[in-house]
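Trainee: from the sequence below, what's the structure:
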Amino acid sequence: MGKLQLGVIYGSRSSEHEVSVISALQLMKAVDRQKYDVIPVYISMKGEWFTGEPLWDIRTYANFDPALKGLVKVQLDVTTGSGALTTIEPPRGLFGHEQVRLVARLGCVIPVLHGMHGEDGTLQGMLEMCNIPYASSGVAPSAVGMDKVFLKQYFQGGGFPVLPGCRMLRTEWESAPESAMEAVEKALPYPVFVKPASLGSSIGVSKASNRQELIGALSLAFQFDRKVLIEKGLEKPLELNCSVLGYGGEARASEIEMPVTGGDLLSFMDKYLQGSSSAKGMASLKRVLPAPIEPELRERIRTLSVDIFKNMDCKGVVRIDYMYDTASGELYITEINTIPGSLAFYLWEPCQLPYARLIDEMVACALKAHEEKNDSNYAFTSDILSNLEHNGKNGAKLGAKMS
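Mentor: Numbering: from 1, shown residues only. As a prediction, the model looks like this:
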């Protein structure tokens, strides 16, 4: 049996583009090459797709040159079950024609995209249409998990613990800023945290302890999104993160980490740039692992994380982030990352699950989900079209009834 052609799709038009590149390179270098032929599929900031040997080198992305030798511009054949990556070769000779050449045929995909145009269900929808197995959560949990406002409403409806919050649209802010701020102040006490609804990696997130700071926080957040979430702030809470791996009714939780921050907000700088090579991504974040918390709280978080994973019908690896209020003993969910930075592999290593084996399990989840999907019946037919008469009065009457 030949190796599985494993496509790793990353990059894309997102504020988290560079984070995605780092996460993807980590994964590609950890893959067991005895089992898989790894096909890097990089989506540039312009939305163009590329593959080729230069994509294994992080220096390629610093000043990305589409004409770099070894890069091949490709497109995915969306025919159901094809999985073909093709390229269009220019005509040769005076009377030549463009030629379509097969570059690779993807047997499974690991999406390693963070943020919009990838983690938000858009890529997952395309892969569902193509009927290609993929190792991330499906369209619905991806879309809900990406939008912090929708996610909070989902959690509230499911009885999961979340911080009090409210939302605001850019149009509301631009048309009536005074009224918008009064609505926030009526709903929540200071301090508050302001977050773009559909971004991760703490981009555009800031804290406001008064109205003047709220103006700055909203102005910043609306640079990145048309919708923002405003949440109640806690005084020096513990940040705790837990990963979950699995599919369907089978899921298990990782060890729990406590990120170490320089203040009361874990920023993009904290996560990716402080004190380490940027090529290490989330794996380089300063953290205490395992988190120094009581066994009861540890099991509470791990159980809750699995419950959330199953409730949202997630797949592959996710990371769920929490705030623990030491004063009240209350635990709050802050977000779920359906494609977490560095795929949260560092949370599984203490569980005796090295990154290569974690990837194996993600692929197994993808293939199992694909098999289950193909077991469903999509062949139901009715007699509507077969009974149509394409001429005369009967056809006209049926058209009228259906309109």
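
Trainee: can you tell me how far residue 247 is from residue 60?
Mentor: Residue 247 sits 33 Å away from residue 60, going by C-beta to C-beta, to the nearest Å. Placement of C-beta: from N, CA and C, glycine included.

Trainee: hmm, I was thinking of residue 31
Mentor: Applying C-beta to C-beta to residue 31 and residue 60 gives a distance of 18 Å.

Trainee: still on that earlier bit, residue 247 and residue 60: who's more crowded?
Mentor: Neighbour count, other C-beta atoms under 10 Å: between residue 247 and residue 60, residue 247 has more, with 23 against 20.

Trainee: ok, the more buried one touching residue 313?
Mentor: No. Applying C-beta atoms under 8 Å, one finds residue 247 not in contact with residue 313, separated by 9.1 Å.

Trainee: excluding chain neighbours, what is closest to residue 35?
Mentor: residue 3 (6.2 Å; C-beta to C-beta, 6 or more residues apart in numbering).

Trainee: surely the one you found and residue 38 touch.
Mentor: No. Contact criterion C-beta under 8 Å: residue 3 and residue 38 do not qualify, at 9.3 Å.

Trainee: the two: which has the busier surroundings?
Mentor: residue 38 (20 against 13).

Trainee: could you find the closest non-adjacent residue to the spatially most central residue of the chain?
Mentor: In the chain, the centroid-proximal residue (C-alpha atoms, centre = their mean) is residue 119; its distance is 2.8 Å. Once flanking residues are discounted, residue 119 sits nearest to residue 339: 4.6 Å by C-beta to C-beta, 6+ apart.

Trainee: do residue 312 as well
Mentor: Residue 312's closest residue in space is residue 141 (C-beta to C-beta, 6+ apart), at 4.4 Å.

Trainee: tell me the secondary structure for that neighbour?
Mentor: helix (DSSP: H, G, I helix; E, B strand; the rest coil).

Trainee: show me the contacts for it.
Mentor: For residue 141, the contacting residues are 312-315, 338, by C-beta atoms under 8 Å, 6 or more residues apart in numbering.

Trainee: apply 6 Å and report the result again.
Mentor: By C-beta atoms under 6 Å, 6 or more residues apart in numbering, residue 141 lies in contact with 312-314.

Trainee: what of residue 257?
Mentor: Contacts of residue 257 by C-beta under 6 Å, 6+ apart are 241, 287, 289, 291.

Trainee: buried ones in stretch 288-306?
Mentor: Across stretch 288-306, burial judged by 16 or more other C-beta atoms under 10 Å covers 289, 291, 293, 297-298, 301-302, 304-306.

Trainee: cool, stretch 179-198 as well?
Mentor: Buried residues in stretch 179-198 (16+ other C-beta under 10 Å): 180-181, 184, 188, 191-198.

Trainee: between its first and last residues, how far does that stretch reach?
Mentor: Stretch 179-198 has an end-to-end distance of 24 Å (criterion: C-alpha to C-alpha, to the nearest Å).

Trainee: now stretch 26-46
Mentor: 23 Å.

Trainee: hang on, residue 117 in a helix?
Mentor: No. According to three-state DSSP, residue 117 belongs to no helix; its state is coil.

Trainee: and the pLDDT at residue 296?
Mentor: We note a pLDDT of 97 for residue 296 in this prediction.

Trainee: now swap in residue 248 and tell me
Mentor: Residue 248 is assigned 89 on the pLDDT scale.

Trainee: that one and residue 101, how far apart?
Mentor: Counting by C-beta to C-beta - residue 248 and residue 101 are separated by 39 Å.

Trainee: strands - which of the contacts of residue 257 land there?
Mentor: 241, 287 (DSSP state E).

Trainee: which residues does the helix or strand where residue 307 lies contact?
Mentor: In the assignment (DSSP states H and E), residue 307 maps to helix 295-311. Contact with helix 295-311 is made by 158, 242, 244, 251, 253, 256, 320, as judged by C-beta under 6 Å, 6+ apart.

Trainee: pull the most distant pair out of those.
Mentor: Using C-beta to C-beta, the contacts of helix 295-311 reach their maximum pairwise distance at 158 and 256, which is 21.4 Å.

Trainee: with neighbour numbers in mind, choose between these two.
Mentor: residue 256 (24 against 12).

Trainee: ok, the more buried one touching residue 242?
Mentor: Yes. The pair residue 256 / residue 242 is scored as a contact, 4.9 Å apart, by C-beta atoms under 6 Å.

Trainee: ok so, going back, the buried residues of stretch 179-198: which two are farthest apart?
Mentor: 191 and 198 (23.0 Å).

Trainee: domain ranges for this structure, per the record?
Mentor: With domains defined by automatic domain parsing, the chain comprises 4-134, 145-161+236-371, 165-232.

Trainee: and the lengthiest helix in the chain, what's buried?
Mentor: Ranked by residue count under DSSP state H, the longest helix found in the chain is helix 355-375. Of all the residues in helix 355-375, those buried under the rule 16+ other C-beta under 10 Å are 355-356, 358-363, 365-367, 369-370.

Trainee: also stretch 125-142?
Mentor: Result for stretch 125-142 [16+ other C-beta under 10 Å]: buried residues 127-128, 130, 132-139, 141-142.

Trainee: quickly name whichever of those residues is closest to residue 216.
Mentor: If you rank those by distance to residue 216 using C-beta to C-beta, residue 142 comes first, at 31.2 Å.

Trainee: is it true that that closest one touches residue 124?
Mentor: Yes. Using C-beta under 6 Å, residue 142 is in contact with residue 124, at 5.2 Å.

Trainee: the residue lying closest to residue 97 once chain neighbours are set aside: which element?
Mentor: Nearest non-adjacent residue to residue 97, counting by C-beta to C-beta, 6+ apart: residue 91, 5.3 Å away. Assessed by DSSP H and E, residue 91 sits outside every helix and strand.
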